[in-house]
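Colleague: dropping a prediction and its sequence here:
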Amino acid sequence: MSQITTHILDTSRGKPAAGVNVVLEKPGSNDAWVIIGNGKTNSDGRIPELLHIDVILAPGTYRLTFDTGGYFNSHGINAFYPSVSITFQTADTSHYHVPLLLNPFGYSTYRGS
């Protein structure tokens with residue numbers, strides 16, 4: 001399992017959100033973000049290997065961006081948010097799990113375990 005993981009639950013369907021493209025980034029120069037990992041949620045709505053298992057990130061600021069528009073379009077659902085970006089800070093090199101609870105017109109997140 002990578003140092004940063006995520007999962008998505010589609011609360012409108014009561015099911016994991018499978019097939020969602022997710023990008024993990026870190027700040028770069030000139031206010032640009034640099035992609036350091038990406039993946040697609042599996043049938044359980046999870047991406048256990050967003051980073052290679054040997055990669056240890058330094059404490060800092062990171063961002064996960066979820067292609068929620070693509071997910072809802074694939075289910076024939078009009079949604080308000082075409083993407084969701086979650087910017088978060090790590091304080092050490094431990095495991096960080098960042099879940100997304102999603103529906104067509106809202107979302108929430110928290111630090112998971």
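Modeller: Sure thing, it's come through.
Colleague: what ranges do the helices span in this protein?
Modeller: With DSSP state H as the criterion, the chain has helices at 68-74.
Colleague: tell me the centre residue of it?
Modeller: Closest residue to the average C-alpha location of the chain: residue 64 at 4.5 Å, with Cα atoms, centre = their mean.
Colleague: what residues are up against that one?
Modeller: Taking Cβ atoms under 8 Å, 6 or more residues apart in numbering as the contact definition, residue 64 lies against 4, 6, 22-25, 85-86, 88, 98, 100. To be clear about C-beta, it is placed using only N, CA and C from the backbone, and glycine gets the same treatment.
Colleague: and those, which of them are in strands?
Modeller: Residues of those located in strands (DSSP state E): 4, 6, 22-25, 85-86, 88, 100.
Colleague: tabulate those residues (JSON lines), appending pLDDT, distance to residue 35 and neighbour count.
Modeller: What follows is these, written out as JSON lines (pLDDT from 0 to 100; distance: Cβ to Cβ, whole Å; neighbours: other Cβ atoms under 10 Å):
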{"residue": "4", "pLDDT": "96", "distance to residue 35": "13", "neighbour count": "21"}
{"residue": "6", "pLDDT": "97", "distance to residue 35": "15", "neighbour count": "25"}
{"residue": "22", "pLDDT": "98", "distance to residue 35": "11", "neighbour count": "21"}
{"residue": "23", "pLDDT": "98", "distance to residue 35": "6", "neighbour count": "18"}
{"residue": "24", "pLDDT": "98", "distance to residue 35": "7", "neighbour count": "23"}
{"residue": "25", "pLDDT": "98", "distance to residue 35": "5", "neighbour count": "19"}
{"residue": "85", "pLDDT": "98", "distance to residue 35": "13", "neighbour count": "12"}
{"residue": "86", "pLDDT": "98", "distance to residue 35": "15", "neighbour count": "15"}
{"residue": "88", "pLDDT": "98", "distance to residue 35": "16", "neighbour count": "14"}
{"residue": "100", "pLDDT": "98", "distance to residue 35": "18", "neighbour count": "23"}
